[in-house]
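> Sequence first, then the predicted structure, then my questions.
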Amino acid sequence: NQGSLWGGRFASGPADAMAALSKSTQFDWVLAPFDIQASKAHARVLNRAGLLSDDDLTAMLAGLDQLASDVADGTFVAAESDEDVHGALERGLIERVGADLGGRLRAGRSRNDQVATLFRMWLREAMRSVATGVLDVVEALTAQARAHPDAVMPGKTHLQAAQPVLLAHHLLAHAQPLIRDVDRLADADRRTAVSPYGSGALAGSSLGLDPEAIAADLGFAAAAENSIDATSSRDFAAEASFVFAMIAVDLSRLAEEVILWSTAEFGYVTLADAWSTGSSIMPQKKNPDVAELTRGKAGRLIGDLTGLLATLKAQPLAYNRDLQEDKEPVFDAVAQLELLLPAIAGMVGTLEFHEDRMAELAPAGFTLATDIAEWLVRQGVPFRVAHEVAGACVREAENRGVGLDELDDATFASIDPALTPQVREVLTVRGSIESRDAYGGTAPSQVQRQLDVLDRALPAL
Ligand code: ARG
């Protein structure tokens, strides 16, 4: 059976339904370039161990290079009879260099250490690419923050008006978790950069191969300490899946706000035409589909993570075929992020903010009440009393249907003698925001400091 890696002890080939169930070339083909790269490294290690002559090595490497270019341009593709990418590529190599030489490459390795290694190689590249996409979103957020240094908005808790903040501060509050996600990817990469190659099926190699040399050749930081663990653990994939899901969840929080902000009721932003869609029936519609798809896909990435964890749960050591189910959820999560990240960056980068609307709403809902209380504290009033007094101001303003700043001096004095006319210093949105100048606060000086720190210390992967 051409392309089968294990026919010897079987009198017949697999049943059709068995072969169909077993097959993974429809998704594991993306590992092909890594498989060939690792095969070249393996051939060099076989040569150094005296298991492949110099001439054979030269011919083997040439055959693998030919196979790589045939895979790249689509000349070589999976056949119906191929079980997985590893078997298909051995068939391809034998077609190019003959069965005698092609059949030597497999010495000392198993698909178990192969697939674990290739998955890690693929994932390390994918994490780097995702990190770049996430940093593009961070860049779009910081560019908007820089473009609107003075814009104010109502900060909310419970989606209720809370305290005025700078728009830039709010936008950077979405950048911060994304920066941590990139840092998480860098951290996950440290544990992914360990090579299982040389672990064989589970017990290691007896052929004098050098796992450390092959690890270095493939860009790994180290060879695995334990061949059983190396061939059967997938916590590296689960960890990356968590970070991918976290990125999607973090993006969904930003997306949800963009959806709200673009409603007529909020009126904070207008979406660029290029990053919104229309309705097939309602001519006036302009819908925030990028943001909605982001919100929707976050659910899908959570599913990818939980699906993978469920696959890993309770698997006995060492390799089990269940592990073939490890790849699709991770491939899917990365594919979805590759779609989302550029779209989110484009949408955020082109948001048109309506500063007047946000400024008008910033003091609405008595968002300066905390400023009255804190002003009283600075005059020596206990906070418990100050909170009561500021609450009484809100009640009075609400009864009269006016803003806190519209209460007259006599009314303030009648609520509490400590409320002298000087309280008006803090009864402006600007005054409130500028007063919050402790480290990490919304005062312009602190937001500028935050931007400076971001510029200096973006994580790299
Ligand atoms: N295609 C398998 C996977 O993706 C690798 C080979 C399985 N090894 C085995 N002994 N059946 O995990």
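Good, I have the coordinates. Numbering: from 1, shown residues only.
> List, one by one, the residues from the stretch 101-250 of the chain near the ligand.
Arg111, Asn112, Val115 (Cβ under 6 Å from any ligand atom). In this view, the C-beta of every residue, glycine as well, is placed from N, C-alpha and C.
> so what's the backbone phi/psi at the residue nearest to the first one when sequence neighbours are not counted?
Excluding the flanking residues, the one nearest Arg111 by Cβ to Cβ, 6 or more residues apart in numbering is His86, at 4.9 Å. Backbone torsions of His86, given as degrees, to the nearest 10, read phi -70, psi -40.
> correct me, but His86 touches Arg109?
No - when contacts are counted by Cβ atoms under 8 Å, His86 is not listed as touching Arg109 (9.5 Å).
> follow-up on the earlier one: next one, pLDDT for the residue nearest to Arg111 please.
Note for His86: predicted pLDDT of 97.
> and what of the one 10 residues further on?
Looking at Arg96, its pLDDT reads 97.
> what do you get for the one 3 residues further on?
Among the per-residue scores, Ala99 holds a pLDDT of 95.
> That one: neighbouring residues, count only.
11 (other Cβ atoms under 10 Å).
> try Pro421
Other residues close to Pro421 by other Cβ under 10 Å number 10.
> Relative to the ligand, how far out is it?
76 Å (Cβ to the nearest ligand atom, to the nearest Å).
> Name the nearest residue to that residue, ignoring sequence neighbours.
Per Cβ to Cβ, 6+ apart, closest to Pro421 is Asp409, 4.9 Å.
> what stretches of the chain score poorly on pLDDT?
In the predicted model, the chain carries pLDDT under 70 at residues 1-3.
> ok so, going back, which of the residues of the stretch 101-250 of the chain next to the ligand has the most neighbours?
Val115 (24 neighbours).
> Contacts only, for that residue.
Asp28, Leu31, Asp84, His86, Leu323 (Cβ atoms under 8 Å, 6 or more residues apart in numbering).
> any chance of those residues in CSV, plus neighbour count and secondary structure?
Shown next, in CSV, are the contacts of Val115 (neighbours: other Cβ atoms under 10 Å; DSSP: H, G, I helix; E, B strand; the rest coil):
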residue, neighbour count, secondary structure
Asp28, 24, helix
Leu31, 24, helix
Asp84, 23, coil
His86, 24, helix
Leu323, 21, helix
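> Need the CA coordinates for the helix or strand that Phe34 is a member of. PDB is fine.
Element membership of Phe34 [criterion: DSSP states H and E] is helix 32-48. Extracted C-alpha coordinates of helix 32-48, given in PDB (Å, rounded to 0.1, in the frame of the first residue of the first chain):
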ATOM      1  CA  ALA A  32       3.900  20.000   5.300                       C
ATOM      2  CA  PRO A  33       6.600  22.700   5.100                       C
ATOM      3  CA  PHE A  34       7.500  22.100   8.700                       C
ATOM      4  CA  ASP A  35       7.600  18.400   8.200                       C
ATOM      5  CA  ILE A  36      10.000  18.800   5.300                       C
ATOM      6  CA  GLN A  37      12.200  21.200   7.200                       C
ATOM      7  CA  ALA A  38      12.300  18.800  10.200                       C
ATOM      8  CA  SER A  39      13.000  15.900   7.800                       C
ATOM      9  CA  LYS A  40      16.100  17.700   6.500                       C
ATOM     10  CA  ALA A  41      17.300  18.200  10.100                       C
ATOM     11  CA  HIS A  42      16.600  14.600  10.800                       C
ATOM     12  CA  ALA A  43      18.600  13.500   7.800                       C
ATOM     13  CA  ARG A  44      21.600  15.500   9.000                       C
ATOM     14  CA  VAL A  45      21.300  13.900  12.400                       C
ATOM     15  CA  LEU A  46      21.100  10.400  10.800                       C
ATOM     16  CA  ASN A  47      24.200  11.300   8.800                       C
ATOM     17  CA  ARG A  48      26.100  12.400  11.900                       C
END
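> other SSEs contacting it?
Of the remaining helices and strands, those touching helix 32-48 by 3 or more Cβ pairs under 8 Å, 6 or more residues apart in numbering; DSSP states H and E are helix 54-72, helix 85-97, helix 111-147, helix 211-217.
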